[in-house]
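A.B. asks: Model the following, please.
(one chain, ligands or ions: 1)
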Amino acid sequence: MTYVGRFAPSPTGPLHQGSLVAAVFSFLDARAHQGTWRVRIEDLDPPREQPGAADAILRTLEAHALYWDGDILYQSTRLDAYAEAMTALRDRGQAYDCGCTRREIAAIGRTGLEGPVYPGTCRQGLAPGRSPRALRVCTHDDPIGFHDRHHGLVSQRLSREIGDFVIRRADGLTAYQLAVVVDDAFQDITHVVRGSDLLDSTPRQLHLQRLLGLSSPTYLHHPLVLNGTGDKLSKQTHAPAADDTTPLTNLAAVMDFLDLPLPVDWRDATPTALLEHALAHWPFRA
Ligand code: GLU
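C.D. replies: Numbers count the residues shown, from 1 in each chain. Predicted coordinates:
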């Protein structure tokens, strides 16, 4: 079996215990299948990024012996590829300019899985006097399903549950959904392992893969680390940065979260030895 996996952090801040779980999970799953593990920095949204965060993330991976294969891909270097994909979709009538504001959509859209469902106002062309803001991709009502390695069968009807979604934002930035699909294909990713907060995004990604003629990887969306109030650890919920000087305790906490055993003498071991021990007990099969 060919296995190419990846870890794709956004450099909006340093890694915290939750993103460390995502890194370790995707790393161990790749190594358990004799696979390649790539790192891609998703630096597509400068207003949300923190200077120095990308380098801090890479240092944290190294401090935890999470060594990647090949070169790092920075999404900021891939804008031409995204533009090409958007042009292809637009030329084939699968994407269209939308002039609606967020407020207009909220006023008329039904509520779907992630806020208002775009009602398709601009699908047949912009109304006179409106200027283009975002670029949206056409969706349909047929179920888009896939087998998630953790959640089992997942299916969505995009036009009903999400609506025609944005692939280039009104501020001109490429939307995550498009960039991730173009780059997973570009990097020959066969197995995506990431947090369950992205489970609902996957049917959108499968839809784009089909429209662009790209093959689809398999997916595993793992449980998220929650804080004391039940929220996902994130910058918004003020999760502290992983401390690079205590990789053993950080990794031990990750193994505990994943229900993986630790060697008895783990406090005197190395990060590599902890990861190898976890690998020997890795329960997930692709
Ligand atoms: N960059 C995304 C994040 O940090 C992850 C994207 C993905 O794994 O598909 O949440």
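
A.B. asks: What's opposite whichever residue of the stretch 151-286 of the chain sits closest to the ligand in the beta bridge?
C.D. replies: Residue nearest to the ligand within the stretch 151-286 of the chain (CB to the nearest ligand atom): residue 194, separated by 3.7 Å. Yep, even glycine has a C-beta here, placed from its N, CA and C like the rest. Taking DSSP bridges as the rule, residue 194 bridges to residue 221.

A.B. asks: List the buried residues of stretch 132-149.
C.D. replies: 133-139, 144, 146, 148-149 (16 or more other CB atoms under 10 Å).

A.B. asks: Just the closest of those residues to residue 229, please.
C.D. replies: residue 148 (26.6 Å; CB to CB).

A.B. asks: and residue 167, what element?
C.D. replies: strand 165-168 (DSSP states H and E).

A.B. asks: average model confidence for that strand?
C.D. replies: Rounded to a whole number, the mean pLDDT of strand 165-168 is 98.

A.B. asks: Just the residues contacting it, thanks.
C.D. replies: 86, 89, 95, 98, 118, 134-137, 139, 158, 174-175, 177-178, 204, 208 (CB atoms under 8 Å, 6 or more residues apart in numbering).

A.B. asks: Residue 237 and residue 227 touch, don't they?
C.D. replies: Yes: with contact defined as CB atoms under 8 Å, residue 237 reaches residue 227; the gap is 5.8 Å.

A.B. asks: before we move on, back to that, next SSE after the strand holding residue 167?
C.D. replies: Taking DSSP H and E, what comes next after strand 165-168 is helix 176-186.

A.B. asks: Return the distance of that following helix from the chain's centre.
C.D. replies: Centre-to-centre, helix 176-186 and its host chain are 9 Å apart (CA atoms, centre = their mean, to the nearest Å).

A.B. asks: One more: stretch 265-284?
C.D. replies: 26 Å.

A.B. asks: In PDB, list the C-alpha atoms belonging to it.
C.D. replies: Output of stretch 265-284 as PDB, limited to C-alpha atoms (Å, rounded to 0.1, in the frame of the first residue of the first chain):
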ATOM      1  CA  ASP A 265      10.600   4.200  32.400                       C
ATOM      2  CA  TRP A 266       9.200   6.900  30.000                       C
ATOM      3  CA  ARG A 267      10.500   9.800  32.100                       C
ATOM      4  CA  ASP A 268      14.100   8.600  31.300                       C
ATOM      5  CA  ALA A 269      13.300   7.800  27.700                       C
ATOM      6  CA  THR A 270      13.700   9.900  24.600                       C
ATOM      7  CA  PRO A 271      10.900  11.400  22.500                       C
ATOM      8  CA  THR A 272      11.800   8.900  19.700                       C
ATOM      9  CA  ALA A 273      11.500   6.000  22.100                       C
ATOM     10  CA  LEU A 274       8.100   7.100  23.300                       C
ATOM     11  CA  LEU A 275       6.900   7.400  19.700                       C
ATOM     12  CA  GLU A 276       8.300   4.000  18.800                       C
ATOM     13  CA  HIS A 277       6.600   2.500  21.800                       C
ATOM     14  CA  ALA A 278       3.300   4.000  20.700                       C
ATOM     15  CA  LEU A 279       3.900   2.700  17.200                       C
ATOM     16  CA  ALA A 280       4.200  -0.800  18.400                       C
ATOM     17  CA  HIS A 281       0.700  -0.500  19.900                       C
ATOM     18  CA  TRP A 282      -0.900   1.600  17.100                       C
ATOM     19  CA  PRO A 283      -4.500   0.300  16.800                       C
ATOM     20  CA  PHE A 284      -5.700   2.100  13.600                       C
END
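
A.B. asks: Please state the offset of stretch 228-235 from the chain centre?
C.D. replies: Per CA atoms, centre = their mean, the centroid offset for stretch 228-235 relative to its chain is 18 Å.

A.B. asks: And it, end to end?
C.D. replies: The first and last residues of stretch 228-235 sit 15 Å apart, counting by CA to CA, to the nearest Å.

A.B. asks: So which residues make contact with it?
C.D. replies: 12-13, 16-19, 195, 197, 224-227, 237, 239.

A.B. asks: Using pLDDT, spot the least trustworthy of those.
C.D. replies: Lowest pLDDT among the contacts of stretch 228-235: residue 237, 77.

A.B. asks: related to what we said a few turns ago, contact partners for the residue of the stretch 151-286 of the chain closest to the ligand?
C.D. replies: Residue 194 neighbours (CB under 8 Å, 6+ apart): 8, 22, 26, 219-222.

A.B. asks: Check what pLDDT it gets.
C.D. replies: Predicted confidence (pLDDT) for residue 194: 98.
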